[in-house]
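**Q** build me a structure from this.
(one chain, ligands or ions: 1)
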Amino acid sequence: MNNILVMGATGKVGRHVVARLRELGRPVRAVSRSSPARFDWADRSTWQPALAEVDTVYLNVWGVVGVVDPAEFTALAVRSGVRRIVALSGRGDDGENYLLDTPYGPWAQAVADGERAARDSGVEWTIVRPCWFAQTFEEDPKLSEVRDGEVAIPVGEGTVPFVDATDIAAVAVAALTEDGHQHQVYELSGPRAMTFAEAVAEIARATGREIKHLPVGMSEYVQRLIDRGYDRDSAEMQAGPFQWLHRGKTGFLSDGVLRATGREPRDFADYAQRTAATGVWSAW
Ligand SMILES: NC(=O)c1ccc[n+]([C@@H]2O[C@H](COP(=O)([O-])OP(=O)(O)OC[C@H]3O[C@@H](n4cnc5c(N)ncnc54)[C@H](OP(=O)(O)O)[C@@H]3O)[C@@H](O)[C@H]2O)c1
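**A** Presented below is the predicted three-dimensional model:
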């Protein structure tokens, strides 16, 4: 069996893709800038070694912004013998590009470019297009806010059906290892559209800690991120997706987890209980 190349292998989704493929006994080459097999979008000398004896690629374009068109990499991959590409995309990073008119625009464009590179590659492709990850609450800035007991929310009553990264990974692994997923676009969400305030309440319930949500305006949100050490550009980039939530564009459910895996997606409460047990949200 040839290797399956997993890009962004240390990321919120990639690490679960790697774990599941290894459970299945599939040979995996797990790469990122910090992995033993190093891959860096900004360093072309790392591309060919990553692709050696690989026939299937999990494509994560995080890191291409301002660096390269991912189509250059997929063309090299196909010349090297790759026959299947499964691309991680995102709701709002797709063809409609509704995040493009926010400060998140360059990242949305990069992800749309990744979708296009997979579709135009000439080999089997699958697009995995999740909405907002539940795991957002495990990394900064939301992780620090949860630990501090006060989570700033600039979205009013806007809702999002958070999807669990383990479900995203399950869809990706199905597409990487099974037939029948070729030329499919899997739109993924969790089973329940909820406000950020409801999500924070679930985390409070699961951890048994008092965690408040603090409604703020968009400019106050950006300022709070700057106060936490972000530069203005990064703070505005972080706030970009919230602008669309604020406009009520993100609350719809999608059936991709069921279509790809045959089972329903996990609820946010399940995610919160599981994650509370790891201690990641404990006080400093
Ligand atoms: N977060 C959300 O709610 C959400 C929702 C929908 C879609 N998405 C999409 O999900 C993707 C991110 O997913 P994720 O779970 O992998 O994110 P992540 O947890 O932020 O991980 C990013 C991965 O990319 C690697 N990386 C960063 N810069 C790199 C570079 N220059 N070259 C090679 N690898 C690099 C990182 O590892 P190293 O630092 O070791 O290189 C890491 O493994 C984005 O495309 C985003 O559009 C996210």
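**Q** from here on, contacts and neighbour counts on C-alpha atoms
**A** Fine.
**Q** can you read off the pLDDT for Arg20?
**A** If you check Arg20, the pLDDT there is 98.
**Q** what about the nearest residue to it once chain neighbours are set aside, neighbour count?
**A** Sequence neighbours aside, Val173 is the residue nearest to Arg20 in space, at 7.3 Å (criterion: C-alpha to C-alpha, 6 or more residues apart in numbering). Counted with other C-alpha atoms under 10 Å, the neighbours of Val173 add up to 21.
**Q** again with Gly208
**A** 10.
**Q** distance of it from Arg147?
**A** As judged by C-alpha to C-alpha, to the nearest Å, Gly208 and Arg147 stand 12 Å apart.
**Q** now Arg44
**A** Counting by C-alpha to C-alpha, the gap from Arg44 to Arg147 is 39 Å.
**Q** what's the answer for Asp164, then?
**A** Taking C-alpha to C-alpha, one finds Asp164 at 20 Å from Arg147.
**Q** more neighbours, those two?
**A** Counted by other C-alpha under 10 Å, Asp164 and Arg147 do not tie: Asp164 has more neighbours, with 27 against 19.
**Q** show the contacting residues for the closest residue to Thr46 other than its chain neighbours.
**A** With sequence-adjacent residues excluded and distances taken as C-alpha to C-alpha, 6+ apart, Thr46 is closest to Phe39, at 5.2 Å. Going by C-alpha atoms under 8 Å, 6 or more residues apart in numbering, Phe39 touches 7, 31-33, 46-47, 50.
**Q** how about those in TSV, adding distance to the ligand?
**A** TSV is the format used below for these (distance: C-alpha to the nearest ligand atom, whole Å):
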residue	distance to the ligand
Met7	7
Val31	7
Ser32	4
Arg33	4
Thr46	10
Trp47	10
Ala50	11
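**Q** doesn't Tyr186 lie inside a helix?
**A** No. Under DSSP: H, G, I helix; E, B strand; the rest coil, Tyr186 sits outside any helix and is assigned strand.
**Q** show me what contacts the closest residue to it other than its chain neighbours?
**A** Using C-alpha to C-alpha, 6+ apart and skipping residues adjacent in sequence, the residue nearest Tyr186 is Gly256, 4.6 Å away. Counting by C-alpha under 8 Å, 6+ apart, Gly256 touches 171, 186-189.
**Q** could you redo the last one with a cut-off of 7 Å?
**A** 186-188 (C-alpha atoms under 7 Å, 6 or more residues apart in numbering).
**Q** what's the answer for Gly105, then?
**A** Counted by C-alpha under 7 Å, 6+ apart, Gly105 has contacts Leu99.
**Q** just Ala165 next, same as before
**A** Ala165 touches 12-13, 133-135, counting by C-alpha under 7 Å, 6+ apart.
**Q** on the three-state scheme, the residue nearest to Arg20 is what?
**A** Quick answer, by three-state DSSP: Val173 is helix.
**Q** helix or strand for Ile85, which one?
**A** Assigned by DSSP states H and E, Ile85 falls within strand 84-88.
**Q** likewise for Ile127?
**A** strand 124-130.
**Q** next one: Leu225
**A** Residue-wise, Leu225 maps onto helix 218-227 under DSSP H and E.
**Q** for that helix, buried residues please.
**A** Applying a neighbour-count criterion of 16 or more other C-alpha atoms under 10 Å, one finds 218, 221-223, 225-226 buried in helix 218-227.
**Q** for the ligand, state which of the contacts of Gly256 is nearest.
**A** Leu188 (9.1 Å; C-alpha to the nearest ligand atom).
**Q** hey, what's the closest one bridged with?
**A** Taking DSSP bridges, one obtains Pro130, Asp255 as the residues bridged to Leu188.
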